[in-house]
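Undergrad: I would like the atomic coordinates for the input below:
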Amino acid sequence: MNIALIGYGTMGHEIETSALQRGHSVIARFNSESLIPPTVSDFYKSNSIQCFIDFSTASLVRTHAEISSTLGIPLVEGTTGWQDQKKEILDRVRNKNGTMVYGSNFSVGAQMFFRIVQQASQLMDAFPDYDVAIHETHHTKKKDAPSGTALTIGDIILSQIHRKTAIKKQSESPVIQPNEIGITSTRIGSVPGIHSVMFNSVADEIELTHRAHNRSGFAFGAVLAAELIQNFSGVFSFEELLFEKSFTHQ
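TA: This is a model prediction of the structure:
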């Protein structure tokens with residue numbers, strides 16, 4: 001498969017390594033100094049791209065989605081921080097009959113963690129003595145806080161624990177109301193990502209944690225998404241592609 005990388009920083013290099021290990025070719029690398037060409041560019045006539053993988057910046061997601069869907073080339077979108085534009089961008093891709101896989105976390109282990117949190121939250125819905133909170137830790141260069149993964153976890157919990165109706169970010173207020181789920185963030189060193197969910201009562205506490213050891217898991221998941229999406233068309237979350245469209249239906 002011929003892959004074009006959008007964003008060629010630390011994650012871009014990791015994705016390239018994973019793609020080459022899995023027998024693919026990286027035929028283009030775009031970054032802030034070498035932007036993705038417009039759809040009318042001759043570049044696309046002389047280069048056969050089978051998938052874009054984007055780990056760049058949130059402000060450019062709309063542009064990249066527009067270009068990829070216009071060209072009919074699948075897009076794996078791993079950039080975070082564009083949640084406020086999500087519906088508009090995904091609707092635009094659908095209207096153009098484009099193909100896109102998006103996710104706040106492309107680690108396969110993290111996707112399993114989401115399912116575990118969902119099941120645990122469903123159980124906790126019947127036990128109001130247990131409160132719940134989320135904490136995430138990342139490296140000091142991460143641009144968004146809380147992380148997209150933490151917000152995804154919050155949405156999962158909200159869908160299962162009905163006494164919780166809102167998310168409270170650390171930056172908004174230190175006071176957490178009974179209906180809110182507090183999300184706190186730490187930025188330190190080069191931590192690739194730690195996410196914890198705490199269910200706390202007077203009697204005890206249950207803590208669920210996903211800890212990324214390095215970025216290789218994210219890179220592998222992005223390349224895996226690029227492989228899997230070759231068999232489908234449309235717009236999917238990485239979770240949908242993994243558990244509903246691919247492996248469970250082989």
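Undergrad: break this structure into its domains for me.
TA: Annotated domains of the chain cover 2-105+216-249, 108-211 [automatic domain parsing].
Undergrad: and those, which is most packed in?
TA: domain 2-105+216-249 (a mean of 18; mean count of other CB atoms under 10 Å). Quick note: C-beta positions are derived from backbone N, CA and C, even for glycine.
Undergrad: where exactly do the helices run in this structure?
TA: Listed in chain order, the helices of the chain (DSSP state H) span 10-21, 43-46, 61-71, 86-95, 108-124, 148-160, 216-228, 238-240.
Undergrad: which of the ones you listed sits closest to residue 168?
TA: Nearest of the helices of the chain to residue 168, taken as CB to CB: helix 148-160 at 9.4 Å.
Undergrad: show me what that closest one is in contact with.
TA: For helix 148-160, contacts defined as CB atoms under 8 Å, 6 or more residues apart in numbering pick out 80-81, 83, 104-105, 110, 114, 117-118, 121-122, 124-125, 132, 134, 136, 164-167, 181, 183, 185, 193, 195, 197.
Undergrad: CSV for the domains of the chain, including mean pLDDT?
TA: Formatted as CSV, the domains of the chain follow (pLDDT from 0 to 100):
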stretch, mean pLDDT
domain 2-105+216-249, 94
domain 108-211, 96
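Undergrad: report the outermost residue of this structure with respect to its centre.
TA: Relative to the centre of the chain, the most outlying C-alpha is that of residue 203, 34.7 Å out, by CA atoms, centre = their mean.
Undergrad: for it, what are its contacts?
TA: residue 129.
Undergrad: any idea which residue sits dead centre in this protein?
TA: Closest-to-mean residue, the chain, CA atoms, centre = their mean: residue 104 / 1.7 Å.
Undergrad: can you give me the distance of the closest residue to that one other than its chain neighbours to residue 37?
TA: Leaving aside its sequence neighbours, residue 104 sits nearest to residue 148 (CB to CB, 6 or more residues apart in numbering; 3.4 Å). Plainly put, residue 148 is 27 Å away from residue 37 if you go by CB to CB, to the nearest Å.
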